[in-house]
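Visitor: Structure, please.
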Amino acid sequence: MTATRKSVTTPARGLTKGTGNAGAAGDTMAHRLERMGLRTARDYVLHLPLRYEDETRVVPVAELEPMLVQQIEVRVLAVEVAVRGRKQLLVRAEDDTGEILLRFLNFYPNQIGAFNSAERDGKPVRVRGEVRHGWLPGSPPEMVHPKFRAVTEGAPLPQALTPVYPAAAGVPQALLRKRIDAALVALKLEEVLPQRLLDRLGYLSLAEAVRTLHHPPVADNAALLDKSHQAWTRIKFEELLAQQLAMARARALRLARRARPLNPGAGVLALCGALPFALTGAQERVIAEISADLARAQPMTRLLQGDVGAGKTIVAAFAAMQAIDAGMQVALMAPTEILAEQHLRKLGPLLAPFGVTTVWLAGSQKASERRAALEALASGAAQFAIGTHALIEDSAKFRALGLAIVDEQHRFGVGQRLALLRKAQPEVATEAAPEAALEVHQLMMTATPIPRTLAMTALADLDVSTIDELPPGRTPIRTRLVDNLRRAEVIARVRHEVARGAQCYWVCPLIEESEALQLQTAIDTHARLGAELVGLNVGLVHGKLAAAEKQAVMHAFAAGAVQVLVATTVIEVGVDVPNASLMVVEHAERFGLAQLHQLRGRVGRGAVESVCVLMYEKPLSPVASERLRTMHETTDGFEIARRDLRIRGPGEFLGARQSGSALLRFSDVELDAAIVERAQATARWLEAHDPAAAAAHLERWLGSREAFLKA
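Guide: Numbers count the residues shown, from 1 in each chain. So this is what the prediction gives:
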């Protein structure tokens, strides 16, 4: 292994030629490649294709399938620069089976010249791009910004797939292919894993797998494209094993740190006896798991997950009470003021009888209230702080912070959560012994359940507690899918619900392109509903309202003075009004699954059967159709999360926890669950029996790309 590591850290001959002192252009390219992590022969060899382009066949225009990337060979009929809101290059083309329109929203004179030349000379053009339906009924299909090149009549097609590599701006694919080929010649990629382990796994050798992916064989197109080829299986295993080893290392480092043990006291027992309801078995189990963690001398880093309404807040109350029993302070940070205030209204009165003083910190606070809260925290007069990002500002100082609770953790970046943890005042640390600093216990909560395979990968460094049952008495929610054309029927349903004493949420469309447009939509919807629902009090709440106005509207809704609440997604989490039994979501096709599930969870909190109406507008994209079908078929948050992961992928699913860091590049945690389990078991075996091989594997895959799998 030593020889291998020595050979792979030396640049391959010819790879750096022309990039040293070869002038500004060479220096610029060398800098771009270095920023991509491409320095040594090993870096190039392990710079694997992100995908492949299939240029091995041409599809007749009449047989093109929408939303797929396909290649055609056509004759140019007409070239036009049109102004339709903005300048566009429009190219009409055809083959023997039909006509197609090529549309370029950004274009250059040389592109116009190339198409004009092809039209004039009658040369065929090979075009590759994603096929879309025409803008108007009956119009030909389109490709927007396709790749194209003129060819001679009867020019042969490539026989193998064309690899496409991850590349920074200004780094051509041809250059990457040339350097990768040179590296493959210069470097013998040896195994670092024990041979007996490789024999048991039965995978391709790493060298053969890598060479296959860089130079795909002609016969294996389908398996290479869908990443089911045995070469991809070996690479996925390598990647997942590196990720599992990295997570295990992060976990070991955490367990080596110290925290103050927080043992449960009389307050926890008193809280248990004072509850006006019985805890579910799942709540009792996770409370015990968290309690055991808090009592240890290592800092707890635990994720508490549970479906909407599963009772995570009361679990957080027990964790807070245990820390306060031990003489420490607790901070609970939520992403929005509405959610933070909901926690304040629930937890403040719940813990007050046991002598717990709770303070509130938020950006909208009056200066005098904020000053008093900060003084109470700094002096230790307040044991519990609930708030938003205001908790991590420099002015917020704790006398003895022992537990940090972060709700909806995926909405916070890593830096924000770390800023809260740094609020602890090390009690024992000195310059001579900084390692004696005591760290804060951390409890993260999410109402977006994490599918098992994703938890095994992206969250493998955390302990996870799951509340997998709902409290008794929760009424089931029926979900109705309604075409937007039936809006009048929905209005009638709102009137009916209010007439029998219930209340209604009306959620406005999500408009990602413009926050201002989304705000105006909410205002317009509020005015329209006010006119359609004469005699009813229709309220409006959105993110741009002043905090005092927002709170006044929410309090009026909770008190029943407002019957219909028009809102943007600020009510997605944290709003608990048991009398609200109808949820209407306009343009539900614009929302993600997790958001729709969270919104639906705002109803069904009382004894009356609740209904969630998802209004949509046709035509629906396949993804939007699948989301709405999922919402209609199930209310199980774990099943919804599993399907959401399949639709969105892990990076977007986890949100801000992964901001600035790549997740897995080649593996699909849902489809590759069996490889995930094998990698996890292998990582445990290597750590126990061959730590040198584990270290070599990590060095190979993380080496100069330390951020590659950073969690």
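
Visitor: Identify each buried residue in the host helix or strand of Leu241, please.
Guide: Secondary structure assignment for Leu241, by DSSP states H and E: helix 230-256. By neighbour count, with 16 or more other CB atoms under 10 Å as the criterion, the buried positions of helix 230-256 are 231-250, 254. Quick note: C-beta positions are derived from backbone N, CA and C, even for glycine.

Visitor: Likewise for stretch 388-402?
Guide: So stretch 388-402, judged by 16+ other CB under 10 Å, has buried residues Thr388, His389, Ala390, Leu391, Ile392, Ala396, Phe398, Ala400, Leu401, Gly402.

Visitor: my read is the third one is in a helix, agree?
Guide: Yes: counting by DSSP: H, G, I helix; E, B strand; the rest coil, Ala390 is part of a helix.

Visitor: per-residue confidence for it?
Guide: Predicted confidence (pLDDT) for Ala390: 87.

Visitor: Contacts for the one helix or strand Asn116 maps to, please.
Guide: Using DSSP H and E, Asn116 sits within helix 109-121. Helix 109-121 is contacted from outside by 75-79, 81, 89, 91, 104, 123-125, 148, 150, using CB atoms under 8 Å, 6 or more residues apart in numbering.

Visitor: Show me which pair in the residues you listed is furthest apart.
Guide: Val81 and Pro124 (22.6 Å; CB to CB).

Visitor: who's more crowded, these two?
Guide: Taking other CB atoms under 10 Å, Val81 and Pro124 do not tie; Pro124 has more neighbours (20 against 11).

Visitor: Please report how far the more buried one lies from Thr97.
Guide: For Pro124, the distance to Thr97 equals 14 Å [CB to CB, to the nearest Å].

Visitor: what about Thr162, neighbour count?
Guide: 16.

Visitor: tell me the phi and psi of the closest residue to it other than its chain neighbours?
Guide: Once flanking residues are discounted, Thr162 sits nearest to Glu53: 4.5 Å by CB to CB, 6 or more residues apart in numbering. Main-chain dihedrals, Glu53, degrees, to the nearest 10: phi -100, psi 130.

Visitor: residue contacts, Glu53?
Guide: The contact partners of Glu53, taken as CB under 8 Å, 6+ apart, are Val69, Arg128, Leu161, Thr162, Val164.

Visitor: Just the element for the second one, please.
Guide: Right, the one you point to is Arg128. strand 125-132.

Visitor: packing partners for the next helix or strand after that strand?
Guide: Counting by DSSP H and E, the element after strand 125-132 in chain order, helix or strand, is strand 142-144. Contacts defined by 3 or more CB pairs under 8 Å, 6 or more residues apart in numbering; DSSP states H and E place strand 142-144 against strand 98-104, strand 125-132.

Visitor: Can you report the mean pLDDT over the residues of strand 142-144?
Guide: Average pLDDT, strand 142-144: 93.

Visitor: next one: that strand to chain centre, how far?
Guide: 29 Å (CA atoms, centre = their mean, to the nearest Å).

Visitor: what's that strand in contact with?
Guide: Outside strand 142-144, the residues within contact range by CB under 8 Å, 6+ apart are 100-105, 127, 129-135.

Visitor: now do stretch 688-698
Guide: Residues outside stretch 688-698 that contact it (CB under 8 Å, 6+ apart) are 1, 4-5, 192-194, 238, 241-242, 245-246, 249, 683, 686-687.

Visitor: so where do the helices sit in the stretch 551-700 of the chain?
Guide: Per DSSP state H, counting those that start in this stretch, the stretch 551-700 of the chain carries helices over the ranges 593-600, 622-633, 637-648, 650-654, 673-689, 691-702.

Visitor: Which of these has the lowest mean pLDDT?
Guide: Mean pLDDT per stretch puts helix 650-654 lowest among these, at a mean of 56.

Visitor: what about stretch 524-544, start to end distance?
Guide: 15 Å (CA to CA, to the nearest Å).

Visitor: buried set for it?
Guide: For stretch 524-544, by 16+ other CB under 10 Å, it's Thr525, His526, Leu529, Gly530, Leu533, Leu536, Val538, Gly539, Leu540, Val541, His542, Gly543.

Visitor: tell me which element the closest residue to Val171 other than its chain neighbours falls in.
Guide: Residue nearest to Val171 in three dimensions, not counting chain neighbours: Arg32, with 5.3 Å by CB to CB, 6+ apart. Element membership for Arg32 (DSSP H and E) is helix 24-35.

Visitor: After that helix, which helix or strand is next?
Guide: Using DSSP H and E, the helix or strand that follows helix 24-35 in sequence is helix 41-45.
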